[in-house]
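K.L.:
Quick one: sequence and predicted model below, then my questions.
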Amino acid sequence: MSVINTKQLYKKYGSVPVVKGIDLTVEKGEIFGFLGRNGAGKSTFINILTGIIHPSAGSFSLFGVSGPNDKAKTRIGVMPDYTSFDGSMTAMGYLRFLSELSGNKASKEKCLAVLKKVGLEGEANKKTGKFSFGMKKKLGIAQAIIHEPELIFLDEPTSGIDAESVIHIHQLIRELNREGKTIFMTSHNLDEVEKLCTRIAIMKDGQIVKIGSMDELRSYYQSTIIVKIKHGKIPSSELNQLKQWLLKTGQGLEMKQQHMIISVDQEKKIADIIRAFNQCKVDIYRVEVEEPSLEEIFLDEQVSGAIRKVM
Ligand SMILES: Nc1ncnc2c1ncn2[C@@H]1O[C@H](COP(=O)(O)OP(=O)(O)OP(=O)(O)O)[C@@H](O)[C@H]1O
């Protein structure tokens, strides 16, 4: 069942389009990663889905119901902008106040359990004005999940927080997902997205330019398999022949001090390269194969012209 479905969603500020006709479906149970540089339009897109702003054109549905609608709102959780906390309230008071506003006041026990879940168990009675940036982020997540929503929007859930808390939040996201919740998260941390997300969309200038699982994105970019070989001495009588074979097989050939680097577009060409070395009677000491990281894939879509990193 799809929990998010958008059709040609479009948003303009004045005459400037910032979301340009997005078609997206997110299925129940996904951890969906939304990537893009600052200003790509990610928050605007999320703000449309969460009912904060209206689209200029297009349509969307949440849980199969055309949005924005109040029924869907009770089934979604949204991590707020951390600056929106009222600093004079305690974490507990804040959670209880917000849950009351949404029509279902959470008990103290429930609030304590959620604060524990996000790693703020010792801070329930502390005023949020005294919270660090990371603590505010965690409270934001607590706010998003207090009413046990089925779909949770997390905007940069771990940016600016310490490494231990990042691990804790990653565990929490996985736990929420195991409970059946769908997570829609933005992040600039590519490593995080790669670890957590079932699917990823890359947004650029208001459009989704690439979407798929990590493996799908990788296979799309298979033309950047980098093969590095540490080898023995090449008999001078074989050097030209070996170079010719290698140049026929791949691109960006570099040969220096018994190290060869070449870029190929298919896995089976790795075997061709090894065969060429064998036929020229050159020992192979080490073979390393590098696939593009998400960062490379991401950057590839963010700049005009493909980056083809060879070393
Ligand atoms: N209320 C607004 N009025 C006018 N322009 C806006 C408004 N909100 C956002 N924009 C512009 O829309 C574009 C997309 O902004 P948005 O916040 O959606 O990007 P983003 O991908 O979420 O960026 P970030 O990663 O920095 O949060 C930007 O150029 C931004 O300046």
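P.N.:
Right, received. Where do you want to start? No experiment lies behind these values; they were computed from the predicted model shown.
K.L.:
rest of the way, CA atoms for contacts and neighbours
P.N.:
Fine.
K.L.:
Could I get the pLDDT score of whatever residue of the stretch 201-311 of the chain ends up closest to the ligand?
P.N.:
The nearest approach of the stretch 201-311 of the chain to the ligand comes at Gly206, 7.3 Å away (CA to the nearest ligand atom). Note on Gly206: pLDDT of 94.
K.L.:
Neighbours of it, how many?
P.N.:
Gly206: 21 surrounding residues under other CA atoms under 10 Å.
K.L.:
Would you confirm that it contacts Gly41?
P.N.:
Yes: using CA atoms under 8 Å as the test, Gly206 is close enough to Gly41 to be in contact (5.1 Å).
K.L.:
For the two, list the residues in contact with both.
P.N.:
Listed as contacting both Gly206 and Gly41 by CA atoms under 8 Å, 6 or more residues apart in numbering are Val18, Val19.
K.L.:
Most distant residue from the centre of this protein?
P.N.:
Ser237 (50.6 Å; CA atoms, centre = their mean).
K.L.:
For that residue, what are phi and psi?
P.N.:
In terms of degrees, to the nearest 10, the main-chain angles of Ser237 are phi -70, psi -20.
K.L.:
what about it, distance to Lys243?
P.N.:
Distance, Ser237 to Lys243, using CA to CA, to the nearest Å: 12 Å.
K.L.:
what about the residue lying closest to His231 once chain neighbours are set aside, how many neighbours?
P.N.:
Nearest residue to His231, sequence neighbours excluded (CA to CA, 6 or more residues apart in numbering): Ile284, at 4.4 Å. A count of neighbours around Ile284, defined by other CA under 10 Å, yields 16.
K.L.:
which phi and psi does Ile284 have?
P.N.:
Dihedral angles (degrees, to the nearest 10) for Ile284: phi -110, psi 130.
K.L.:
same question, Asn5
P.N.:
phi -140, psi 120.
K.L.:
Setting aside sequence neighbours, what's the nearest residue to it?
P.N.:
Thr25 (4.4 Å).
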